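> Here is a sequence with its predicted model. Questions after.
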Amino acid sequence: MVCKVPGLSDRESTFIFQKTFIYLQAIINYWKAIRTNPLLKQAARREFSSIWSARHHSIYCLIEVSEEVQSIRLCPEI
């Protein structure tokens, strides 16, 4: 059973709760992985990127590209 959000249909409520869970899990994964697991960090960032870069600001795109290039150039042990 899904909690009903006033003014929304069951389908809309389910969608909101699913998206909220996905983003919360991505935040938790990012927080856990920030210093220990670069692959989990990258997966969490990609999951969260749909709302992080929703407006496609050039500064956010630049930050994402710079971090991706840096992670490719670094040794896997780092």
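Looks like it came in fine.

> What is the helix ranked longest in the chain packed up against?
In the chain, with assignment by DSSP state H, the single longest helix is helix 10-33. Packing partners of helix 10-33 (3 or more Cβ pairs under 8 Å, 6 or more residues apart in numbering; DSSP states H and E): helix 38-52. Backbone N, C-alpha and C define where each C-beta goes, glycine included.

> Now the helix it packs on: buried residues?
Neighbour-count burial for helix 38-52 flags 41, 44, 45, 47, 48, 52 (criterion: 16 or more other Cβ atoms under 10 Å).

> Let me see the contact set for residue 46.
Residue 46 makes no contacts at all, as judged by Cβ atoms under 8 Å, 6 or more residues apart in numbering.

> Closest one of the buried residues of helix 38-52 to residue 17?
Using Cβ to Cβ, residue 47 is the member of the buried residues of helix 38-52 that lies nearest residue 17, at 16.2 Å.

> what stretches of this protein score poorly on pLDDT?
1-5, 52-56, 75-78 (pLDDT under 70).

> Tell me which residue is most central in it.
residue 48 (1.7 Å; Cα atoms, centre = their mean).

> thought it was touching residue 25?
No - Residue 48 lies out of contact with residue 25 (Cβ atoms under 8 Å); the separation is 9.7 Å.

> In contact with residue 35, which residues are there?
With Cβ under 8 Å, 6+ apart, residue 35 has no contacts at all.

> and the gap between it and residue 12?
Distance, residue 35 to residue 12, using Cβ to Cβ, to the nearest Å: 38 Å.

> ok, so of the buried residues of helix 38-52, who is nearest residue 59?
The closest of those, once distances to residue 59 are taken by Cβ to Cβ, is residue 52, at 11.8 Å.
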